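> Coordinates only, no sequence provided:
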């Protein structure tokens, strides 16, 4: 189906712009970016929506239990070129993940073969040039018996540093529920990322029982070897830390190749820090990297970022950590809150950021690392008379930091943001969501952020309250409520210097005469250098695609 462009559409400039974080940051004007709205097209309601780019256009797939619609958008503005519905998926199809390569998007989905008790993983290629499936689904993994995890969470993916290898892993359902006797069996299957042809695969029994062993993360090397970073409790110990907060576990690096399994005890020295969140991955020059957040004490407080590198035999070759400065922590807090922090510091108390969630780690070709995180927490309140429970979800301040290829901190930035949604449920099982608009649009879908990048900048994109465009460092941001309009906003961070501009791109209540609904950060897709697209719902069962251009 092809929809012609019948309207002449003009560029529209942004409404607001401001500076943040530094006195010498340049004030952005409306002339520095623009957007175009394409023609409306019929909405496709779907549980899963995914977006990719090719040649300045967009290819999306929208998936329900037994059907997939592939849409292709092209031109400036972006108009729907084609829409094709495929209803040939088997009963019990469950979306697992998708990966994008230069020419294809590979859709991975699972199907439970109940009569034969076999869990199956299939792949189906979407051609980004034609906007069509290349073939029927191909089964790439078959597992006898059940795999743990809920719908869409059975098979997990990881890619190598050069993106040439893809690891698909799963955990077989244990025969015994007793962690003291059960040893996990992990399926590890390595594929060529470009062709999705299997290179090797095996089910590996872990060397220790579940009670002693905790697999922290998995990585795949550019040569196809797989690595598991694990914590193994010392013999006879049941508590992770002793009374003096000394660890009762050892770190072990398990290396698995097509030919065998090697277990190496690794003396990972984090200099007395407590790792709160971390990611394990292959870095430059075949090194294995661990990077994330740490605290100076056990708990939920984040005191800084760290990274360390390991050789593939488990030897640690480096460790560096960078504390979050108090001056950064105090930014965008009320004067009273800042004074309270200063008093705590005078008393020698350890100060940090709480409830921080590490969302993104980008590993660049030169070996540098970019971190992005946000504060996220939930407050639950129950009325004892009615049994009604209210859940308040908060997505707040963000932290961005970069470590260069030599392991030195380039910059660390606090980015103000304050978003909220709530839901309530009664004792009868009824749940209502604030800001609910339309099918498949749930309480937190428009909150949080999307990290995208161009050659020179990182962009952290989110919905914000317009009152926050001119925000002093001693002011708390105004709250953006789910489902109540908002401005599509971006923090533009210079990759080299860390200088930040805050750009307000469009008003969702009036964008070229359209009122926009059902925004989600997941609907943002990169088109090219400093150019993005995002899909919105405009009611009357119609969507539109908006092309955004940010100019120097």
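Perfect, I can see it now. Model, not experiment: these values are computed from the prediction. Residues are numbered from 1 along each chain as shown.

> Please, where are all the strands along the stretch 1-150 of the chain?
With DSSP state E, counting those that start in this stretch, the ranges of strands along the stretch 1-150 of the chain come out as 12-13, 16-19, 33-37, 41-42, 48-54, 57-63, 68-74, 79-86, 94-100, 104-113, 118-127, 132-133, 138-144.

> worst average pLDDT in these?
With a mean of 32, strand 12-13 has the lowest mean pLDDT of these.

> So which residues of the stretch 301-450 of the chain form helices?
Using DSSP state H, counting those that start in this stretch, the helices of the stretch 301-450 of the chain run over residues 326-330, 335-346.

> Need the residues that contact the helix or strand residue 230 falls within.
Assigned by DSSP states H and E, residue 230 belongs to strand 226-233. Strand 226-233 has contacts (Cβ atoms under 8 Å, 6 or more residues apart in numbering) with 167, 169, 186, 188, 190, 208, 211-221, 240, 248-257, 280, 288, 290, 312. All C-beta atoms are positioned from the backbone trio N, CA, C, and that covers glycine.

> circling back: want to try JSON lines for the strands of the stretch 1-150 of the chain, with mean neighbour count and distance to residue 391 as columns?
Formatted as JSON lines, those follow (neighbours: other Cβ atoms under 10 Å; distance: least, Cβ to Cβ, whole Å):
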{"stretch": "strand 12-13", "mean neighbour count": "15", "distance to residue 391": "37"}
{"stretch": "strand 16-19", "mean neighbour count": "18", "distance to residue 391": "32"}
{"stretch": "strand 33-37", "mean neighbour count": "21", "distance to residue 391": "34"}
{"stretch": "strand 41-42", "mean neighbour count": "16", "distance to residue 391": "34"}
{"stretch": "strand 48-54", "mean neighbour count": "20", "distance to residue 391": "24"}
{"stretch": "strand 57-63", "mean neighbour count": "25", "distance to residue 391": "28"}
{"stretch": "strand 68-74", "mean neighbour count": "22", "distance to residue 391": "32"}
{"stretch": "strand 79-86", "mean neighbour count": "18", "distance to residue 391": "36"}
{"stretch": "strand 94-100", "mean neighbour count": "19", "distance to residue 391": "26"}
{"stretch": "strand 104-113", "mean neighbour count": "21", "distance to residue 391": "30"}
{"stretch": "strand 118-127", "mean neighbour count": "20", "distance to residue 391": "33"}
{"stretch": "strand 132-133", "mean neighbour count": "16", "distance to residue 391": "39"}
{"stretch": "strand 138-144", "mean neighbour count": "15", "distance to residue 391": "35"}
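
> Now render those strands as TSV, adding distance to residue 451.
Listed next are the strands of the stretch 1-150 of the chain as TSV, based on distance: least, Cβ to Cβ, whole Å:
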stretch	distance to residue 451
strand 12-13	25
strand 16-19	20
strand 33-37	18
strand 41-42	28
strand 48-54	15
strand 57-63	18
strand 68-74	22
strand 79-86	27
strand 94-100	16
strand 104-113	20
strand 118-127	24
strand 132-133	29
strand 138-144	30
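
> so where do the strands sit in the stretch 451-552 of the chain?
Here the stretch 451-552 of the chain has its strands, by DSSP E, counting those that start in this stretch, at 457-464, 480-481, 487-494, 500-507, 524-528, 531-537, 542-550.
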